[in-house]
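> Okay, here's the prediction I keep looking at, along with the sequence it came from:
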Amino acid sequence: MEEEIIEEEIIREIGISRYEAAMREDEKSRATIEKYLHHVRQFTAFCAGRKIDKEIMRKYKEKLGESYAPSSANTALAAVNGYLRFCGLGRCCVRHFKVQRKVYCPEEKELNREEYIRLVDAARRKGRGRLAMLIQVVCSTGIRISELKYITVEAVRQGETCVSCKGKMRTVFLTRALREQMREYISQRGIETGPVFITRTGKPVDRTNIWREMKALCTEAAVSPGKVFPHSLRHLFARCFYAIDRDIAKLADILGHSSINTTRIYIATTGEEHRRRMEAMHLVI
């Protein structure tokens, strides 16, 4: 009973706010922090004042397994396990769900080159010049939306920029064609220095607003909304680069991935491509 009281006091003392501060200190991205805090709050609501121990974590894991796909459930477990370790309750952590890596990606979820071109054209027709430029920057460099702040007037002049994300530094190159379009874009808008993509108040563009603007192009571009997300552009860059270079280690460095296993997810071929390769084997006599 005394141990239970001590554990609950520790949780109350440390709290979610200090866990958030620790993640910021660890230089986790804003999106990761928000996602982790969401899952931690769900977990604490699930506990509802009950003792946090291995048994309640098993029950929570079971609930996640019933409510989410394995990959999403594992994200929630990673957040809660991290919180428990931070609180000194690492012994209560549970293992992730075992997930078999898919050899191909669902075709209905992956944006292809033709659809990407239609999105850019649709943005131009609708007079959304900034969106058309932004889509091309993300897709031609492979950067994250959160890294757009590093695309500056100075970077356009130099042809490259240094990006810092999750404690790692990497150089991102801008192609000649991209720089030409961006020079024209910058000149038209009178941007003389600093980040190219900012709001009227001078703040970095928001991920949610970009997502909403891209979704608004779907009908005009005749592209399924299920394929249109800012991160889909990064996936398309990865597949196009890998199709030319076939160097997954180099691609992982370009994308800023710590693990090649993450990069493998990005370059998974569609089911149709997988089927064509199997047909080309001609193993049925």
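All right, it came through fine.
> Not counting its neighbours along the chain, what's nearest residue 112?
Closest residue to residue 112 apart from its sequence neighbours, by C-beta to C-beta, 6 or more residues apart in numbering: residue 236 at 7.3 Å. The C-beta positions use only the backbone N, C-alpha and C, and glycine is treated the same way.
> what's the burial count for residue 140?
Residues contacting residue 140 under the criterion other C-beta atoms under 10 Å number 18.
> swap that for residue 195, sorry
Neighbours of residue 195 (other C-beta under 10 Å): 18.
> and it, bridged to which residues?
When assigned by DSSP bridges, residue 195 has beta-bridge partners residue 152.
> Which pLDDT value belongs to it?
What the model reports as pLDDT for residue 195 is 92.
> Quick check: it touching residue 156?
No. Contact criterion C-beta atoms under 8 Å: residue 195 and residue 156 do not qualify, at 10.9 Å.
> Which stretches in the stretch 51-200 of the chain count as helices?
Taking DSSP state H, counting those that start in this stretch as the test, the helices found in the stretch 51-200 of the chain are 54-67, 70-86, 113-125, 129-141, 153-158, 176-189.
> what is the mean pLDDT for the fifth one?
Right, the one you point to is helix 153-158. 95.
> Can you say which helix or strand has the residue nearest the centre of the chain in it?
Nearest to the geometric centre of the chain sits residue 231, at 5.8 Å (C-alpha atoms, centre = their mean). In this assignment (DSSP states H and E), residue 231 forms part of helix 230-245.
> next structured bit after that helix?
helix 248-255.
> Just the buried positions in that following helix, please.
Using 16 or more other C-beta atoms under 10 Å as the test for burial, helix 248-255 gives 248, 251-252, 254-255.
> and it with helix 230-245, angle?
Orientation note: helix 248-255 sits at an angle of 140 degrees relative to helix 230-245 (axes from the mean of the first three to the mean of the last three C-alpha atoms, to 10 degrees).
> Could you check how far helix 248-255 is from the centre of its chain?
With C-alpha atoms, centre = their mean, to the nearest Å as the basis, helix 248-255 stands 16 Å off its chain's centre.
> How about stretch 178-189?
27 Å.
> Pull the residues that contact that stretch.
Contact with stretch 178-189 is made by 129-130, 133, 136-137, 140-141, 153, 156, 159, 174, 196, as judged by C-beta atoms under 8 Å, 6 or more residues apart in numbering.
> out of those residues, which are buried?
With burial judged by 16+ other C-beta under 10 Å, the buried subset of the contacts of stretch 178-189 is 130, 133, 136-137, 140-141, 153, 156, 174, 196.
> With respect to residue 277, which of these is nearest?
Taking C-beta to C-beta as the measure, residue 277 lies nearest residue 140 of these, at 27.3 Å.
> Pretty sure that closest one sits against residue 240.
No. Here residue 140 lies out of contact with residue 240, judged by C-beta under 8 Å, at a distance of 9.2 Å.
> I'd like to check what contacts stretch 219-232. Which residues are they?
108-111, 115, 118-119, 121-122, 125-126, 138, 144-145, 207, 210-211, 214-215, 217-218.
> So for the helix holding residue 231, what gets flagged as buried?
Buried residues in helix 230-245 (16+ other C-beta under 10 Å): 230, 232-242.
> Please apply the same query to stretch 16-29.
Residues of stretch 16-29 classed as buried under the neighbour-count rule (16+ other C-beta under 10 Å) are 19-20, 23, 28.
> again with stretch 58-76
60-61, 64, 73-76.
> Can you check the pLDDT for the residue nearest to the centre of the chain?
89.
> what do you get for residue 101?
61.
> that older thread, could you save the buried residues of stretch 58-76 as TSV and add columns showing distance to residue 203 and pLDDT?
Formatted as TSV, the buried residues of stretch 58-76 follow (distance: C-beta to C-beta, whole Å; pLDDT from 0 to 100):
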residue	distance to residue 203	pLDDT
60	37	94
61	39	94
64	35	93
73	34	90
74	33	91
75	28	92
76	30	93
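> Reformat the residues you listed as JSON lines; add distance to residue 93.
Formatted as JSON lines, the buried residues of stretch 58-76 follow (distance: C-beta to C-beta, whole Å):
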{"residue": "60", "distance to residue 93": "11"}
{"residue": "61", "distance to residue 93": "10"}
{"residue": "64", "distance to residue 93": "14"}
{"residue": "73", "distance to residue 93": "14"}
{"residue": "74", "distance to residue 93": "13"}
{"residue": "75", "distance to residue 93": "15"}
{"residue": "76", "distance to residue 93": "13"}
